[in-house]
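Enquirer: Sequence below, structure please.
(chains A and B)
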Amino acid sequence: MSTRNILLFGCLIFVAGCSSAPGTWGWYVIDPRTTSGYNNIRFLLNGFGATILLSVIAAAMSMVIGMLVALPGMSSNRWIRLPSRIYIEFVRAIPLLPMLFWVFYGLPVVLKSMGINISIDAFWGAIITLAISDSAFTAEIYRSGIQSIAKGQTEAAKTVGLNYRQTMRYVILPQAIRRILPPLANQFIYIVKMSAFASVIGMQELTRRANELVVTEYRPLEIYTLLILEYLVLVLIISFFVRWLERKMGSDESR
Amino acid sequence: MSKTGNAIEISNLNKWYGDYQALKNIDLNVAHGERIVVCGPSGSGKSTLIRCVNSLEEHDSGRIVVDGIEMIDNASINAIRSEVGMVFQQFNLFPHLTILQNLTLGPMKARGMSKADAEARAMKYLESVRIPDQAHKKPSELSGGQQQRVAIARSLCMEPKIMLFDEPTSALDPEMISEVLDVIVDLAEEGMTMIVVTHEMGFARRAADRMIFMDHGEVIETGTPTEFFEVPKTERCKQFLSQILQH
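Expert: Numbering: from 1, shown residues only, chains lettered A, B, ... in the order given. I've put the predicted structure just below:
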């Protein structure tokens, strides 16, 4: 189903809802023409900021952690490789929701026992969880992208005197980035969607707000439909931006 | 660092890939200015041998001394690599950089040279390999022969004392082989110390001081090109020459 069809389908539900018998549908809860509907919509849309901020910071952290994990993971020394391997296998095996609970409720206890008194609020709890959970995947994306650059490039860099850091910076990464970008964008979309889990620890993002409104308005179908459309719009905007970026980098290469 | 009489001294060199022994007790001394051609059937260890000289392959035992520097740790490997240039069968140019950037990357980043100096040097060597007009193109826009000449110029920009060539013409179309070999012959005539792994026997006759024939990880025969081609001593070498010179 193309994105256009999905949008059409969404509109169809809306139209059907407006015209059918009262009681089955209740789009009034988010009808901007009424004061309460307008306020409800504002309440729901206000979650965008938190969802976006959460996702962007988590993705940025995941990209950094992923690189720190991926680079030693490609060492020829197995003892340097090992911790990176363990991290990836371990993190990848933990479902997001239990990890979120552990970070939010468990981590402060661990820190306290170590004499560090930091309370982790919902915002940072969610960010840390999303970043760590995603970093295992990011690391694997980096590894496959970097390893897809032929070994000869590293060897040539060595013979012109470049050290490891210079080889990565000037030779390998500029070539790998084009292969890394599409799967990395996929991961970002994944983070945006997974950020919905932050609602369970009280983070006021899109899903949390929808849940709260459902509790007061008893209109789950209409509110959750809007929620899904909110995520759809967000993801489509990201996709559009990524495709633009890919085109831009692709054309740089072919010139 | 004591200067020895030889550019390269290899003694008792061994190299294994798992259970397979790729190099067996290799002894080889290369004098300053000497031009050596290594030949032999594929899998004979000739590429492995020259890749050990700049430590692209780690050897398992034996001693390698390059320009008086013994290969013992990372520092000595770096010191050796700065004396040794290498040209690969597959060129290995950096595809995302222009020809000029390919040539200036090493001098600027590894040697800290200014951009202007590095570019002046790059143009000098591009002229010596006869392609100064391609400086601002990307490698993919050049022919194979031109790319390999750029690769040679890129090595020369580091002003090495020794050049290693690993089958430099094997990936080239036949009509481009001579333009690359001519450049290598020029270098040989300027007195560059070099080890060339190649099947180009015409080139070997023209440029080599000494031939080395390898098979199954061992040096089987060594001698001047005249001795080597006219009166090969071993049966394996005769067989190899008859196969390679048939065409």
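Enquirer: use CA for all of it now, contacts and neighbours both
Expert: Fine.
Enquirer: Which of the three states applies to residue B:41?
Expert: Secondary structure assignment for residue B:41 (DSSP: H, G, I helix; E, B strand; the rest coil): coil.
Enquirer: same question but for residue A:63, I mixed them up
Expert: Relying on three-state DSSP, one would call residue A:63 helix.
Enquirer: So what's the residue count around it?
Expert: By the criterion of other C-alpha atoms under 10 Å in any protein chain shown, residue A:63 has 23 neighbours.
Enquirer: Next one, pLDDT for it please.
Expert: At residue A:63, the model reports a pLDDT of 95.
Enquirer: Correct me if wrong: it contacts residue A:138.
Expert: Yes: the pair residue A:63 / residue A:138 is scored as a contact, 6.3 Å apart, by C-alpha atoms under 8 Å.
Enquirer: Which of the helices or strands spans the residue nearest to residue A:177 when sequence neighbours are not counted?
Expert: Distances taken as C-alpha to C-alpha, 6 or more residues apart in numbering or on different chains put residue A:145 closest to residue A:177, at 7.4 Å, once the chain neighbours are dropped. Secondary structure assignment for residue A:145, by DSSP states H and E: helix A:122-147.
Enquirer: helices and strands around that helix, which ones?
Expert: Packing partners of helix A:122-147 (3 or more C-alpha pairs under 8 Å, 6 or more residues apart in numbering or on different chains; DSSP states H and E): helix A:47-73, helix A:78-93, helix A:96-101, helix A:173-194.
Enquirer: Look through the chain and tell me its longest helix.
Expert: I'll assume chain A. helix A:220-254 (DSSP state H).
Enquirer: other chain: chain B
Expert: Longest helix in chain B, counting by DSSP H: helix B:174-189.
Enquirer: Paired strands for the next helix or strand after it, with orientation please.
Expert: Next along the chain after helix B:174-189, taking DSSP H and E as the criterion, comes strand B:193-197. Strand B:193-197 sits in its sheet next to strand B:35-39 (parallel), strand B:162-166 (parallel), going by DSSP bridges.
Enquirer: okay, the angle between the strand or helix carrying residue A:216 and helix A:173-194?
Expert: Taking DSSP H and E as the criterion, residue A:216 maps to helix A:206-217. Relative orientation of helix A:206-217 versus helix A:173-194 (axes from the mean of the first three to the mean of the last three C-alpha atoms, to 10 degrees): 10 degrees.
Enquirer: So for helix A:206-217, what gets flagged as buried?
Expert: A:206, A:207, A:208, A:209, A:210, A:211, A:213, A:214 (16 or more other C-alpha atoms under 10 Å in any protein chain shown).
Enquirer: so it versus helix A:47-73, what angle?
Expert: Going by the same axes, to 10 degrees, helix A:206-217 makes 150 degrees with helix A:47-73.
Enquirer: Can you tell me which helix or strand of chain B has the lowest average pLDDT?
Expert: Ranked by mean pLDDT, DSSP states H and E, the weakest helix or strand in chain B is helix B:235-245, scoring a mean of 88.
Enquirer: Any chance you could list what contacts it?
Expert: B:40, B:41, B:199, B:201, B:213, B:220, B:221, B:229, B:232 (C-alpha atoms under 8 Å, 6 or more residues apart in numbering or on different chains).
Enquirer: Might you calculate how far it sits from the centre of the chain?
Expert: 23 Å (C-alpha atoms, centre = their mean, to the nearest Å).
Enquirer: Then stretch B:76-90?
Expert: Using C-alpha atoms, centre = their mean, the offset of stretch B:76-90 from its chain centre is 9 Å.
Enquirer: Now do that stretch: distance from first to last residue.
Expert: The straight-line separation of the ends of stretch B:76-90 (C-alpha to C-alpha, to the nearest Å) is 27 Å.
Enquirer: pLDDT on it, on average?
Expert: 95.
Enquirer: same deal with stretch A:230-250?
Expert: pLDDT averaged over stretch A:230-250 gives 88.
Enquirer: go on, stretch A:129-144?
Expert: The model assigns stretch A:129-144 a mean pLDDT of 96.
Enquirer: which regions of the chain sit below the pLDDT cut-off?
Expert: Picked chain A for this. For chain A, the stretches with pLDDT under 70 are A:1-3, A:6-7, A:10-24, A:250-255.
Enquirer: look at chain B instead
Expert: Those would be B:1-4, B:247, if you go by pLDDT under 70 across chain B.
Enquirer: in it, which spans are helices?
Expert: Using DSSP H, helices in chain B cover B:46-53, B:74-81, B:99-105, B:115-128, B:144-156, B:174-189, B:201-207, B:225-230, B:235-245.
Enquirer: Out of those, which is closest to residue A:116?
Expert: Of all these, it is helix B:74-81 that lies closest to residue A:116, at 41.0 Å by C-alpha to C-alpha.
Enquirer: Is chain A within reach of the closest one?
Expert: Yes: Helix B:74-81 lies within reach of chain A by C-alpha under 8 Å from any C-alpha of the partner chain, at B:78, B:81.
Enquirer: List the buried residues in that helix.
Expert: Using 16+ other C-alpha under 10 Å as the test for burial, helix B:74-81 gives B:77, B:78, B:79, B:80, B:81.
Enquirer: Contacts only, for the fourth one.
Expert: Contact criterion C-alpha under 8 Å, 6+ apart gives B:54, B:66, B:67, B:69, B:71 as the residues in contact with residue B:80.
Enquirer: Just the ones in strands from the residues you listed, please.
Expert: B:66, B:69 (DSSP state E).
Enquirer: among the contacts of residue B:80, who's most crowded?
Expert: residue B:66 (27 neighbours).
Enquirer: Who is that residue paired with across the strands?
Expert: Going by DSSP bridges, residue B:66 forms beta bridges with residue B:8, residue B:69.
Enquirer: Is it in contact with residue B:7, as I believe?
Expert: Yes: if you go by C-alpha under 8 Å, residue B:66 and residue B:7 touch, sitting 5.8 Å apart.
Enquirer: related to what we said a few turns ago, tilt between the helix holding residue A:145 and helix A:47-73?
Expert: Going by the same axes, to 10 degrees, helix A:122-147 makes 40 degrees with helix A:47-73.
Enquirer: Next SSE downstream of helix A:122-147?
Expert: helix A:151-159.
Enquirer: Buried residues in that following helix, which are they?
Expert: Applying 16+ other C-alpha under 10 Å to helix A:151-159 flags A:152, A:153, A:154, A:155, A:156, A:157, A:158, A:159 as buried.
Enquirer: repeat for stretch A:40-49
Expert: A:40, A:41, A:43, A:44, A:45, A:47, A:48.
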